[in-house]
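Engineer: A predicted structure for the sequence below; I have some questions about it.
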Amino acid sequence: MQKRFFEYAKRKSRLTWRGFRESLGIRNHVHYRYEDCSLPIEVFDRALKVSRISPTKAKEFDYRFERTRSEIFLRFNPGKSLAELIGICLGDGHLRPYTLSIFGDKSKDTVYLLNHVLPLMRKVLKKSPRLSTSRRDENFLVLYSASAARSLHRLGLPFGNKIKQGARVPRWVFRNKSYLRACLRGLFDTDGCVYGFLRKPPSRGSKAIISFEFGKGSFLAKDAQRALGRLGYLPRMMPHRNECRLAFNEDTVRFMREIKPANEKHWENFLRWHGPVV
């Protein structure tokens, strides 16, 4: 019945599904249409208004109001620490309704997880995750907290597979350049890399590339391009790899100075291909 109501309301509104969702203030990964969850009353009221459906007509869909157990959410103060944690979650995080996990390579990222990500999670979420070493090739921090998971979800992080759910950098991050730099730091530390190549002739040395590369179907490379462009960089998109990169020497040096990656492996790779940042 909920599916029938949503399809009828969308048809009456004469909007596309995307436009209809935006008019209701819901994200594309929230599928009330498929009855994955009950419909909040504020969304129901907006649907009636947008579609010009009268309460009398709506009764044909046999709706009923139910009281549900109130959910507990954490109160976040928008800031650089929160923006960086959002970037980390978008990179190597996995959010579920009751847990948050941050993954990293066992040999390259464990120090970063323990020395940087763990204190950051304590600062932002006021809760302490634990390190799991049960996997062969990777360690991960895991936090069992429904309130933290729901609160991050409300900030724009989807549950489950980030690519299938269309994960994006939240809009509020783009409103402040310091938030953008912090979010890019988290995204780069977890899912970015520095690589390079030898120039020809060999006397010209080597060149470092700053890269944000994501899986096929991810929107995060385009978000990284938009964020870098807003900060005054000149990013290039490589569509066949779904990669956003910085290749100009001025941009790569400025990126390392301004973004200041917290994962030491990026500094080691940059030193290898470019040399020290003066």
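Structural biologist: Ah, there it is.
Engineer: Scan this protein for its longest helix.
Structural biologist: Counting by DSSP state H, the longest helix found in the chain is helix 177-191.
Engineer: Report the buried residues of that helix.
Structural biologist: Neighbour-count burial for helix 177-191 flags 179-191 (criterion: 16 or more other CB atoms under 10 Å). Where you see a C-beta, it was placed from the backbone N, CA and C, and this is true even at glycine.
Engineer: before we move on, what about stretch 48-64?
Structural biologist: Those would be 48, 50-51, 53, 58, for stretch 48-64 by 16+ other CB under 10 Å.
Engineer: Now do that stretch: distance to the chain's middle.
Structural biologist: Relative to its chain's centre, stretch 48-64 lies at 35 Å (CA atoms, centre = their mean, to the nearest Å).
Engineer: Using PDB, write out every CA atom in that stretch.
Structural biologist: Taking Å, rounded to 0.1, in the frame of the first residue of the first chain, the C-alpha atoms of stretch 48-64 are listed here in PDB:
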ATOM      1  CA  LEU A  48       0.400  15.300   0.100                       C
ATOM      2  CA  LYS A  49       1.300  18.900  -0.400                       C
ATOM      3  CA  VAL A  50       3.600  18.400  -3.400                       C
ATOM      4  CA  SER A  51       1.100  16.100  -5.100                       C
ATOM      5  CA  ARG A  52      -2.000  18.100  -4.100                       C
ATOM      6  CA  ILE A  53      -3.600  15.000  -2.600                       C
ATOM      7  CA  SER A  54      -6.400  15.700  -0.200                       C
ATOM      8  CA  PRO A  55      -6.600  13.900   3.200                       C
ATOM      9  CA  THR A  56      -9.800  12.300   2.000                       C
ATOM     10  CA  LYS A  57      -8.100  10.800  -1.100                       C
ATOM     11  CA  ALA A  58      -5.200   9.700   1.000                       C
ATOM     12  CA  LYS A  59      -7.400   7.600   3.200                       C
ATOM     13  CA  GLU A  60      -8.000   5.300   0.200                       C
ATOM     14  CA  PHE A  61      -4.400   4.000   0.900                       C
ATOM     15  CA  ASP A  62      -5.400   2.800   4.300                       C
ATOM     16  CA  TYR A  63      -2.700   4.600   6.200                       C
ATOM     17  CA  ARG A  64      -2.500   4.600  10.000                       C
END
